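Novice: dropping the sequence and predicted coords here.
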Amino acid sequence: MRDLPAALALLALAFLARGLFFGNPVVESDEQFYLLVGDRLLGGALPYRDIWDRKPVGLFLVYAAIRALGGEGIVQYQVVATLFAAATAFLVFRIGAEVAPRRGGLLAGAAYLLWLGAFGGEGGQAPVLYNLPMAAAAWAALRAVAHPGTPARLLGLGAAAMLATGLAMQVKYTAVFEGAFLGLALLWAAWRARAGWPFLLLASLAWAACALLPTAAALAAYAALGEAEAFLFANFLSIFRRNTAALGSSLPRLAAMAGLLLPLGLAAVLGLRQGWREATGAPRRRALGFVAGWSAAAVLGVLLFGTYYNHYALPLLLPLSVAAAPLLGRPLQDPGARAWKVPAAPALLALGAVATIVPAILHLRSRGDGSEVRALAAAVRPGATLYVFDGESILYFLTRSPLPTRYVFPTHLNDRREASGIGVDPVAELRRVLASRPDYVVTTDRTRERINPAAEAVLAEALAGGYRVVQQVRIGSRQRLLYARLP
């Protein structure tokens, strides 16, 4: 009950910070697709066989569970994602209270919530969901590192941490980097506790098995359906065939991400330094060392992944917010601070609020508020087949259209990076889709840098030969065009 006020405060802040987007079907392109797959999964479609993507099946199962709640599905997934974010912020508070005063932990949880919107986490992006099991894993591992206790306790905490890591990996595989650090930290805690080599060997095998169990279970289920090859290609092989160099250097995106992350990163570094200065006992020093290592592992995971889109920084918000807790826990009237210094907590939270509000305004200008795609969907005849070449995959969801291809995420067939990444020739698959003469086609009036010219030429030929524009709406600087097939 002692933590109930903090939990309620973080829950209220989560809804306040994210409520602006409730009901907007075009928050982010990825989660539109996740909702579509979850919806069709409930209808009998099998990810990878009937709808293709690289994400783990656990992510689609989460969205399928959300669709089972009823309603249209859009507000429902956004409310569930908000509950995930609030629960994660509460764990940030609890972990932060291990390395700082409780006030610092609470403000760290608030910082986590306010900074999500700066990196595309205002909706249901995968890290918004998997940060919750990752936070639970870190909490269990930190308890083992700071207070190892008996071998049985250490073994149990390690098993819980690794199983939670495995669940996080079934939402997005990039959790493996943080999971690897947690495993090493657990082994170090066992070694420090003078556990014998037999225990270390058996514990490492048990912990690795716990981490792999969710993915192994998913693979076993697909093998039982005769779809193991499709599972393995989509989950583990296709990513290496993707041509990420097609759009040139990713360093400008990395620089933009780093610049946006700078205030929280600086607060994390200063927080760890202050926490170390103020730590009086070995458990707190071990906890601070754990948080520092966790933060470094998360940063390394982002750097190794390489493409550096803003939402890839969402996992960093979790350990960096915890690391900032000692700094945020300083009293507003700190007698040791110089008079000209701005208190860290108000400054970081204010910057987080700005970093949420400004992208929200830009988002509405560039992607619309959802009324535009709803207008396109309303113009589609019920029961008709729609193909979205360049546009929002949520249109399949809103129109209940049959899927003309299993590659319904638009970039899988129109993006230069996917020329050899999906297991089939995307231009040949596009020709097949257009040869089937879908009733409607959605595209954009002006090309974008990432569009494959060969795919664009195939589309232009098909549209010129048998389609006419029946609806168009402006989204940002471009027009979305709805073409209807001529009789």
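Specialist: Nice, thanks for sending it over.
Novice: pLDDT-wise, which helix or strand of this protein ranks last?
Specialist: helix 344-367 (a mean of 86; mean pLDDT, DSSP states H and E).
Novice: what sits up against it?
Specialist: 17, 20-21, 26-27, 107, 110-111, 113-118, 120, 122, 260, 263-264, 267, 270, 324, 327-330, 332, 475-477 (CB atoms under 8 Å, 6 or more residues apart in numbering). C-beta here means a position set from N, CA and C on the backbone, and glycine is covered the same way.
Novice: is the residue lying closest to residue 436 once chain neighbours are set aside in a helix, a strand, or coil?
Specialist: Spatial nearest neighbour of residue 436, excluding adjacent residues (CB to CB, 6 or more residues apart in numbering): residue 404 at 6.2 Å. With DSSP: H, G, I helix; E, B strand; the rest coil as the basis, residue 404 sits in coil.
Novice: which residues touch residue 404?
Specialist: Contact analysis of residue 404 by CB under 8 Å, 6+ apart lists 385-387, 433, 436, 438.
Novice: which one of those is nearest to residue 69?
Specialist: residue 386 (25.4 Å; CB to CB).
Novice: so what's the residue count around residue 45?
Specialist: 18 (other CB atoms under 10 Å).
Novice: shift numbering so it begins at 466
Specialist: Let's use 466 as the start, then, which means that last one is residue 510.
Novice: that one in helix, strand or coil?
Specialist: Applying three-state DSSP: residue 510 is coil.
Novice: and the pLDDT at the closest residue to it other than its chain neighbours?
Specialist: What sits nearest to residue 510 in space, not counting adjacent residues and going by CB to CB, 6+ apart, is residue 516, at 5.6 Å. Per-residue pLDDT puts residue 516 at 98.
Novice: and residue 516, what are its bridge partners?
Specialist: Residue 516 has these beta-bridge partners by DSSP bridges: residue 512.
Novice: what number of residues lie near it?
Specialist: 21.
Novice: any figure for the gap between it and residue 491?
Specialist: 19 Å (CB to CB, to the nearest Å).
Novice: where does this protein dip in pLDDT?
Specialist: 711-712, 797-807 (pLDDT under 70).
Novice: all strands for it, in order.
Specialist: For the chain, strands defined by DSSP state E occupy the ranges 851-853, 905-909, 932-940, 943-950.
Novice: pick the most deeply packed of the ones you listed.
Specialist: Sort these by mean neighbour count, taking mean count of other CB atoms under 10 Å, and strand 851-853 sits at the top with a mean of 26.
Novice: who's the closest spatial neighbour of residue 518, skipping the chain neighbours?
Specialist: residue 874 (6.2 Å).
Novice: now do the contacts for that neighbour.
Specialist: Residue 874 is in contact with 498, 517-518, 858, counting by CB under 8 Å, 6+ apart.
Novice: any of the residues you listed buried? List them.
Specialist: With burial judged by 16 or more other CB atoms under 10 Å, the buried subset of the contacts of residue 874 is 498, 517-518, 858.
Novice: measure the residue sitting furthest away from the middle of the chain to residue 925 for me?
Specialist: Distance from the centre of the chain peaks at residue 952, with 43.2 Å (CA atoms, centre = their mean). The spacing between residue 952 and residue 925, counted by CB to CB, is 21 Å.
Novice: hmm, back to that, can you pull the contacts of the residue nearest to residue 510?
Specialist: Counting by CB under 8 Å, 6+ apart, residue 516 makes contact with 501-502, 505, 510, 868, 871, 873.
Novice: now, the most widely separated pair of these?
Specialist: Pairwise distances across those peak at 12.1 Å for 501 and 871 (criterion: CB to CB).
Novice: which residues of the stretch 716-865 of the chain fall in helices?
Specialist: Secondary structure of the stretch 716-865 of the chain (DSSP state H, counting those that start in this stretch): helices at 716-743, 747-770, 779-788, 790-793, 809-832, 836-843, 859-864.
Novice: am I right that residue 559 is in contact with residue 573?
Specialist: No - checked against CB atoms under 8 Å, the pair residue 559 and residue 573 is beyond contact range at 10.1 Å.
Novice: higher neighbour count, those two?
Specialist: residue 573 (32 against 20).
Novice: test my guess that the more buried one contacts residue 564.
Specialist: No - Residue 573 sits out of contact with residue 564 when judged by CB under 8 Å, with a separation of 9.4 Å.
Novice: find residues that contact each of those two.
Specialist: Joint contacts of residue 573 and residue 564 (CB under 8 Å, 6+ apart) are 787, 790.
Novice: need the CA coordinates for stretch 527-543. CSV is fine.
Specialist: Output in CSV follows, covering the C-alpha atoms of stretch 527-543 (Å, rounded to 0.1, in the frame of the first residue of the first chain):
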residue,chain,number,x,y,z
VAL,A,527,-0.6,-9.2,-27.8
TYR,A,528,-2.5,-7.3,-30.4
ALA,A,529,-4.8,-10.3,-31.0
ALA,A,530,-5.5,-10.3,-27.2
ILE,A,531,-6.3,-6.6,-27.5
ARG,A,532,-8.7,-7.3,-30.4
ALA,A,533,-10.5,-9.9,-28.2
LEU,A,534,-11.5,-7.1,-25.9
GLY,A,535,-14.0,-5.9,-28.5
GLY,A,536,-14.8,-2.5,-29.8
GLU,A,537,-13.2,-1.0,-32.9
GLY,A,538,-9.7,-1.9,-31.6
ILE,A,539,-8.0,1.5,-32.1
VAL,A,540,-8.8,3.1,-28.8
GLN,A,541,-8.4,-0.3,-27.1
TYR,A,542,-4.8,-0.9,-28.2
GLN,A,543,-3.9,2.7,-27.2
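Novice: for that stretch, buried residues please.
Specialist: Buried residues in stretch 527-543 (16+ other CB under 10 Å): 527-529, 531-532, 538-539, 541-543.
Novice: the nearest residue to residue 838 once chain neighbours are set aside: what's it in contact with?
Specialist: Of all residues not flanking residue 838 in the chain, residue 857 sits nearest, at 5.0 Å (CB to CB, 6+ apart). Applying CB under 8 Å, 6+ apart, one finds that residue 857 lies in contact with 490-491, 494, 497, 838, 907, 945.
Novice: are any of those buried, and which?
Specialist: By 16+ other CB under 10 Å, those give 490-491, 494, 497, 838, 907, 945 as buried.
Novice: ok, of those residues, which one's closest to residue 592?
Specialist: Of the buried ones among the contacts of residue 857, the one sitting nearest to residue 592 (CB to CB) turns out to be residue 494, at 15.1 Å.
Novice: returning to what we had before: closest to residue 640 among the contacts of residue 516?
Specialist: The closest of these, once distances to residue 640 are taken by CB to CB, is residue 502, at 19.6 Å.
Novice: the closest one contacts residue 512, doesn't it?
Specialist: Yes - using CB under 8 Å, residue 502 makes contact with residue 512 at a distance of 5.9 Å.
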